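In: task: produce atomic coordinates for the following.
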Amino acid sequence: MTRQSMQSDSNRQMTRRTLLTAGATAAGWLLSRGLPISPELSLAAESQDQLRITKIEVHNIAVPYEDWIAYELNHYYGPTSRTVYIAHTNNGLIGLGESGSPEPDAVREKYIGTNPFDWVGDETSLGLGIAMYDLMGQVAGVPVYKLFGQKYRSWVPTASWTVSTHPDRMANAVKRFSAQGYTWLKYHLSPFENVIDQMEAMQAVAPKGFKIHHDFTMGGTDDHVFELLEKISRYPIAGCFEDPLPEKDIEGYHELRQKCRLPILYHHAPLGAGFETQRRGADGYILGHAKIGDAIRRAGLFAQLELPFSLQNVGGTITRAMTVHMQAAFKTAHLHFNSDSETWKADVVKERLEPVNGLIRVPERPGLGLTLDRDELERLKQLQLPEQPRWIIKTRFANGALMFNLGDPHDSLFMVRPDKRRLATLNYDAPLSTDYWDPEDTPAFRAMFQRLEKEGMVLERP
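Out: The predicted model follows:
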């Protein structure tokens, strides 16, 4: 792609020539978009004007879950995969990036033949943008965070993650993750589990100071939200509430924030964290998989309003490293972030960014500070993980009634928003417990499975 065609593409990329020769024009361009250029970035671009991306490798890998948490994660999602990018330059450097799925060829081809510095404030691809910033940092000889500006913190808060499951498994997650150095655990509540039973189990094993991040996935139940949040808030382990109301209820968020004793976090802000911030609808914000340029602009808005936020970008150590670098340089990015890297037992880089007391040290090596493990990359490319078959969600209420639903790893949203199938409205504090009825060659399983395929949900009297 030519420099001229890139500039005509809605002026999304800052080109070398603009950066080096436009002076005041460049400053105006950057300020209008909230994209700061550090001195290191400018000097590096000047010294590497002929640098080009010559090739981008695309590798799809399968990564197994950690053994102790694999059972519940497989039931929600089945085996997962992600895409690793290795961007090569004409001077022999490589930059690493990753995403949940591969970008189309047409998107990837936009980067071929360009200079990594053409992608300052990348708004095209988060995964490929990470690789570009890794290269820019290596060329400049500085860690990536310096490409965003001043460092506001040398240690960045992070959180662990799991799915809503039996209270005993939730307690095990608290014990495991706290032993690994985490002080926060996030999960999406599910109406198939009683949240108060979960809180009791987790509170019983949690070390002092450990907190739970509750994600309500924007409603879908018949709970009275304020009453439920008040009940949960009584537990010392309760930490914050994410998306407790439907996303468009900005006034409801404003009112709830005035009443709730714990922080309210807005993730799925309907106006892109614009008017919601002015209305003070939340105590903090979460940007999920925001492209780099968008994250930079939002960071400027949050800094102006002194609003805390975090970046939630799910992936391996490559993604975790980029998130750490960005949150190190964004003034109010001091909320814990989630990347879920702790749930997988392998990776394609040699380094691991592990927390100490809930904090990850910002890497100081040039670029992301990571080293590709080519042997492990090839192993994970060849790894064939068994599919999780559909299973039966068997729920027993305190009055003896039984409820059966089909669990499908390809429809994981159903586990936290069963209302999507329009069968029944449930709630988070119902007196119930749930077991996973795994596929078995028995008449009882086959009969119930066939009923569920036909009826959608089965309710039986005691």
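In: buried stuff in stretch 217-237?
Out: For stretch 217-237, the neighbour count (16 or more other Cβ atoms under 10 Å) marks 217-221, 223, 225, 228-229, 231-232, 235, 237 as buried. The C-beta positions use only the backbone N, C-alpha and C, and glycine is treated the same way.
In: can you show me the helices along the stretch 1-150 of the chain?
Out: Along the stretch 1-150 of the chain, counting by DSSP state H, counting those that start in this stretch, helices occupy 3-8, 16-21, 24-33, 39-47, 67-77, 105-109, 126-140.
In: re the thing from before, just the ones of the buried residues of stretch 217-237 in helices?
Out: Judged by DSSP state H, the subset of those located in helices is 225, 228-229, 231-232.
In: with distance to residue 434 and pLDDT added, can I get those residues in JSON lines?
Out: Shown next, in JSON lines, are these (distance: Cβ to Cβ, whole Å; pLDDT from 0 to 100):
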{"residue": "225", "distance to residue 434": "22", "pLDDT": "96"}
{"residue": "228", "distance to residue 434": "19", "pLDDT": "97"}
{"residue": "229", "distance to residue 434": "22", "pLDDT": "97"}
{"residue": "231", "distance to residue 434": "20", "pLDDT": "97"}
{"residue": "232", "distance to residue 434": "19", "pLDDT": "98"}
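In: and the two most separated of the buried residues of stretch 217-237?
Out: Greatest spacing in those, by Cβ to Cβ: 220 and 237 (24.2 Å).
In: which intervals of the chain have sub-threshold pLDDT?
Out: Filtered on pLDDT under 70, the chain yields the residue ranges 1-48, 273.
In: what about residue 445, which helix or strand?
Out: For residue 445, the host element (DSSP states H and E) is helix 443-455.
In: by contact count, what packs against that helix?
Out: With contacts defined as 3 or more Cβ pairs under 8 Å, 6 or more residues apart in numbering; DSSP states H and E, the packing partners of helix 443-455 are strand 391-397, strand 402-407, strand 457-460.
In: how far off strand 391-397 does that helix point, in degrees?
Out: Between helix 443-455 and strand 391-397, the angle comes out at 90 degrees (axes from the mean of the first three to the mean of the last three Cα atoms, to 10 degrees).
In: for the remainder of this discussion, apply numbering that starts at 16.
Out: Will do, 16 is the new start, and the previous item becomes helix 458-470.
In: residues making contact with helix 458-470?
Out: Outside helix 458-470, the residues within contact range by Cβ atoms under 8 Å, 6 or more residues apart in numbering are 405, 407, 419-421, 452, 454, 473.
In: buried set for stretch 437-453?
Out: 441, 443-445, 447, 449, 452.
In: what's the closest of the contacts of helix 458-470 to residue 94?
Out: residue 405 (14.5 Å).
In: could you measure from that closest one over to residue 93?
Out: Distance, residue 405 to residue 93, by Cβ to Cβ, to the nearest Å: 10 Å.
In: next one: residue 276
Out: The separation that residue 276 has from residue 93, given Cβ to Cβ, amounts to 38 Å.
In: comparing these two, which residue is more hemmed in?
Out: residue 93 (17 against 9; other Cβ atoms under 10 Å).
In: re the thing from before, list just the nearest of the buried residues of stretch 437-453 to residue 319.
Out: Out of the buried residues of stretch 437-453, the member with the shortest distance to residue 319 (by Cβ to Cβ) is residue 443, at 35.8 Å.
In: in contact with that closest one, which residues?
Out: The contact partners of residue 443, taken as Cβ under 8 Å, 6+ apart, are 204-206, 209-210, 236, 238, 243.
In: export the residues you listed to CSV and append columns for distance to residue 387.
Out: Below are the contacts of residue 443 laid out as CSV (distance: Cβ to Cβ, whole Å):
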residue, distance to residue 387
204, 38
205, 38
206, 43
209, 45
210, 42
236, 45
238, 47
243, 46
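In: farthest-apart pair in the residues you listed, please.
Out: Farthest pair in the contacts of residue 443 (Cβ to Cβ) is 205 and 243. Separation: 13.7 Å.
In: farthest pair in the buried residues of stretch 437-453?
Out: Farthest pair in the buried residues of stretch 437-453 (Cβ to Cβ) is 444 and 452. Separation: 23.5 Å.
In: roughly how far does the closest residue to residue 314 other than its chain neighbours sit from residue 331?
Out: Once flanking residues are discounted, residue 314 sits nearest to residue 345: 4.0 Å by Cβ to Cβ, 6 or more residues apart in numbering. Distance, residue 345 to residue 331, using Cβ to Cβ: 22 Å.
In: likewise residue 145?
Out: Distance, residue 145 to residue 331, using Cβ to Cβ: 11 Å.
In: overlap of the contact sets of the two?
Out: Here residue 145 and residue 331 have residue 113 as joint contacts, going by Cβ under 8 Å, 6+ apart.
In: CA atoms of stretch 381-396 as CSV?
Out: Extracted in CSV, the C-alpha atoms of stretch 381-396 (Å, rounded to 0.1, in the frame of the first residue of the first chain):
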residue,chain,number,x,y,z
PRO,A,381,13.0,-2.4,24.5
GLY,A,382,9.6,-3.1,22.9
LEU,A,383,7.3,-5.4,24.8
GLY,A,384,10.3,-7.0,26.4
LEU,A,385,9.4,-10.5,25.3
THR,A,386,11.3,-13.3,23.6
LEU,A,387,9.6,-15.6,21.1
ASP,A,388,9.7,-19.3,21.9
ARG,A,389,9.6,-20.8,18.4
ASP,A,390,9.6,-24.4,19.6
GLU,A,391,6.6,-23.8,21.8
LEU,A,392,4.8,-21.9,19.1
GLU,A,393,5.2,-24.9,16.7
ARG,A,394,4.1,-27.3,19.4
LEU,A,395,0.9,-25.3,20.1
LYS,A,396,0.2,-25.0,16.4
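In: which parts of it are buried?
Out: Quick answer for stretch 381-396 (16+ other Cβ under 10 Å): 381-385, 388, 392, 395.
In: do the same with stretch 119-128
Out: Here stretch 119-128 shows 123, 125-126 as buried, counting by 16+ other Cβ under 10 Å.
In: generate TSV for those, with distance to residue 64 as supplementary columns.
Out: Formatted as TSV, the buried residues of stretch 119-128 follow (distance: Cβ to Cβ, whole Å):
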residue	distance to residue 64
123	23
125	20
126	17
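In: residues touching the closest residue to residue 122 other than its chain neighbours, list them.
Out: Nearest non-adjacent residue to residue 122, counting by Cβ to Cβ, 6+ apart: residue 140, 5.8 Å away. When contacts are counted by Cβ under 8 Å, 6+ apart, residue 140 is found next to 114, 118, 122-123, 306.
In: ditto for residue 178
Out: Per Cβ under 8 Å, 6+ apart, neighbours of residue 178: 87-88, 91, 202-203, 205, 430.
In: of all those residues, which two lie farthest apart?
Out: Across those, the longest distance by Cβ to Cβ is 13.5 Å; it joins 88 and 205.
In: looking at it, residue 301 is touching residue 256, isn't it?
Out: No - the pair residue 301 / residue 256 is not scored as a contact, 11.9 Å apart, by Cβ atoms under 8 Å.
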